[in-house]
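Asker: This is a predicted model, with the sequence first.
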Amino acid sequence: MNRMMQDQEAEKALLGGLLSNPGACDAAAEILHGPGDFASLRHQIIYRQIQLLAEAGERPDPVTVNAALQREGQSAKTGGGDYLHTLMAACPLSSQVPSYARIVRDHALRRSLDAAGQEIGKIAAEADPADILVLADQVFTAAMSAGARPTSDAAPIGADWMDYLDRLEHPRDPGLSTGLADLDAITAGGLRGGQLVMIGARTSVGKSVLLTQIAAHSAIRLGVPTLLVNLEMSRREIQDRITANLAGIQLRSLQTAALNEHDWQRIAYATRDIAESPLLISDSPSIGVAKIRATVRDMRRRGTPLGLIAIDYIQLMRSPGRRAENRQQELSDLCRSLKLLARDSDVPVLVAAQLNRGPETRVDKRPQMADLRESGSLEQDSDIVILLHREDAYAPMSPRAGEIDLIVAKQRGGPTGTITAAFQGHYARIADMARV
């Protein structure tokens, strides 16, 4: 029996069961997404009328359904009352409506995946090679979303409210520590799954230092599987920065191999910790959201789901289908995709962003959210925005030399404010200020 005949048989059995056993309408609605799950247009129309009658408190049977179809001028299109009685005869057992509904739903998902496969084949043949992976992932993700169980926009509040109270009494999500006590304090314990956290700064102020340090702390100190993506630096440069940070050795000494015996001992301890940690590093300059999403899925299949994704930095990423003349829209697409990645994978996504030259044109060089380069969506889609400022980046002899301000300019559901930390650039490190 071919696929089309199987679709027809299951759909007829389901509709016949609903006409014979109207009380099963709710059970079918829990399984199906809607009329679109039916391959046959006439079956889509009939199912819609059955559901409308059931929702109105009327009993859907061949007579009432045909009358509703006649009112809408669709009776002839669907075969009229004769076809409705034929459907009832096609149902082997009306009590099996949920089983028939699951078969119809499975067939709908298969059709969706078949269509996705054809679309991906078309993309492979026609798209720019650099865009194939991202476009194919978008098609596949849309097809899989079609297979998700439907949910209602409205639900009883009782169970959710009790769960909310239980979480208040027994917190289970303290957040992923950033390794900086003051930053953890203002974010109520750290970063959380589903959050898109943006770190914005001008060139050489410290955004890469902070992002890499948080990622290394997550993987090495907390043992959380972490993906660190850097589109600007090589793996060797990233390893040097992390080693300098952990070992407390000047980055320049590592780069020039000007090391003494004590330095080598500290490097040995640091590299051992790095090697044993669940830290994944990607230095591919062409990595996109699709590849990151594929890594998330792969890690989950292996039983070691990622706990943090860190990306340095967003302006170096590219979105398929967008070119330089529409850079603002391209960044908006990327930012939205990263937010969806954070939400769908329930993982915090930490992203560095380059600020425009706004701070340099003002007397007060402190950055503002409006300085987020090229796109307001970076601010809009982010749950937390942290802007970095160092006075000694503009005035080397400043009395605040060696300090860095972490300006929490936006925090959805939390306070904003400024944290002052110690900037130890020679160690590729940012540290909490000493308590007096």
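Answerer: Okay, I see it.

Asker: and the gap between R110 and T295?
Answerer: Plainly put, R110 is 27 Å away from T295 if you go by C-beta to C-beta, to the nearest Å. Bear in mind the C-beta positions are built from the backbone N, C-alpha and C, glycine included.

Asker: more neighbours, those two?
Answerer: With neighbours defined as other C-beta atoms under 10 Å, R110 and T295 compare such that T295 has more, 17 against 14.

Asker: Contact partners for the more buried one?
Answerer: Counting by C-beta atoms under 8 Å, 6 or more residues apart in numbering, T295 touches 227, 280, 306.

Asker: would it count as being in a strand?
Answerer: No - going by DSSP: H, G, I helix; E, B strand; the rest coil, the assignment for T295 is helix, not a strand.

Asker: before we move on, the earlier item: out of the contacts of T295, which comes closest to T418?
Answerer: L227 (29.3 Å; C-beta to C-beta).

Asker: so how far is I238 from V224?
Answerer: Counting by C-beta to C-beta - V224 and I238 are separated by 18 Å.

Asker: Just want to know which of the two has more residues nearby.
Answerer: Applying other C-beta under 10 Å to V224 and I238 shows that I238 carries more neighbours, namely 23 against 20.

Asker: Next, that one: secondary structure please.
Answerer: helix.

Asker: roughly how far apart are A124 and R362?
Answerer: For A124, the distance to R362 - C-beta to C-beta - is 49 Å.

Asker: just G34 next, same as before
Answerer: Distance from G34 to R362, by C-beta to C-beta: 54 Å.

Asker: Now tell me what touches the helix or strand harbouring L338 from outside.
Answerer: Assessed by DSSP states H and E, L338 sits inside helix 327-345. Contact with helix 327-345 is made by 193-196, 289, 292-293, 296, 300, 305-306, 309, 311, 314-315, 317-319, 322-323, 347-349, 351, 374-375, 377-378, 380-382, as judged by C-beta under 8 Å, 6+ apart.

Asker: now do stretch 255-273
Answerer: For stretch 255-273, contacts defined as C-beta under 8 Å, 6+ apart pick out 220, 240, 242-243, 246-249, 252-254.

Asker: Most neighbours among these, which one?
Answerer: I242 (26 neighbours).

Asker: Spell out, range by range, the strands that occur in this structure.
Answerer: In the chain, the strands defined using DSSP state E lie at 196-201, 226-230, 279-282, 308-312, 349-354, 384-389, 403-411, 417-424, 429-432.

Asker: Adjacent strands (with direction) for the last one?
Answerer: Right, the one you point to is strand 429-432. strand 417-424 (antiparallel) (DSSP bridges).

Asker: so the strand it pairs with versus strand 384-389, what angle?
Answerer: 50 degrees (axes from the mean of the first three to the mean of the last three C-alpha atoms, to 10 degrees).

Asker: roughly how far is strand 417-424 from the heart of the chain?
Answerer: 29 Å (C-alpha atoms, centre = their mean, to the nearest Å).

Asker: Please tabulate the strands of the chain in JSON lines and include mean pLDDT as additional columns.
Answerer: Conversion of these to JSON lines gives the following (pLDDT from 0 to 100):
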{"stretch": "strand 196-201", "mean pLDDT": "91"}
{"stretch": "strand 226-230", "mean pLDDT": "90"}
{"stretch": "strand 279-282", "mean pLDDT": "88"}
{"stretch": "strand 308-312", "mean pLDDT": "92"}
{"stretch": "strand 349-354", "mean pLDDT": "91"}
{"stretch": "strand 384-389", "mean pLDDT": "92"}
{"stretch": "strand 403-411", "mean pLDDT": "91"}
{"stretch": "strand 417-424", "mean pLDDT": "91"}
{"stretch": "strand 429-432", "mean pLDDT": "90"}
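
Asker: can you redo these as a markdown table with mean neighbour count and distance to M397?
Answerer: Converted to a markdown table, those look like this (neighbours: other C-beta atoms under 10 Å; distance: least, C-beta to C-beta, whole Å):
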| stretch | mean neighbour count | distance to M397 |
| --- | --- | --- |
| strand 196-201 | 26 | 21 |
| strand 226-230 | 25 | 32 |
| strand 279-282 | 18 | 37 |
| strand 308-312 | 25 | 30 |
| strand 349-354 | 26 | 26 |
| strand 384-389 | 25 | 17 |
| strand 403-411 | 20 | 13 |
| strand 417-424 | 17 | 16 |
| strand 429-432 | 19 | 21 |
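
Asker: okay, the ones you listed in CSV with distance to L52 next?
Answerer: Converted to CSV, the strands of the chain look like this (distance: least, C-beta to C-beta, whole Å):
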stretch, distance to L52
strand 196-201, 40
strand 226-230, 48
strand 279-282, 51
strand 308-312, 44
strand 349-354, 42
strand 384-389, 45
strand 403-411, 44
strand 417-424, 53
strand 429-432, 60
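
Asker: So for P174, which of those sits nearest?
Answerer: Nearest of those (C-beta to C-beta): strand 308-312, 14.5 Å.

Asker: Which strands or helices does that closest one pack on?
Answerer: For strand 308-312, the elements it packs on are helix 207-216, strand 226-230, helix 289-301, helix 327-345, strand 349-354, judged by 3 or more C-beta pairs under 8 Å, 6 or more residues apart in numbering; DSSP states H and E.

Asker: residue ranges with poor pLDDT in the protein?
Answerer: 1-6, 126-173, 319-327, 373-377, 435-436 (pLDDT under 70).
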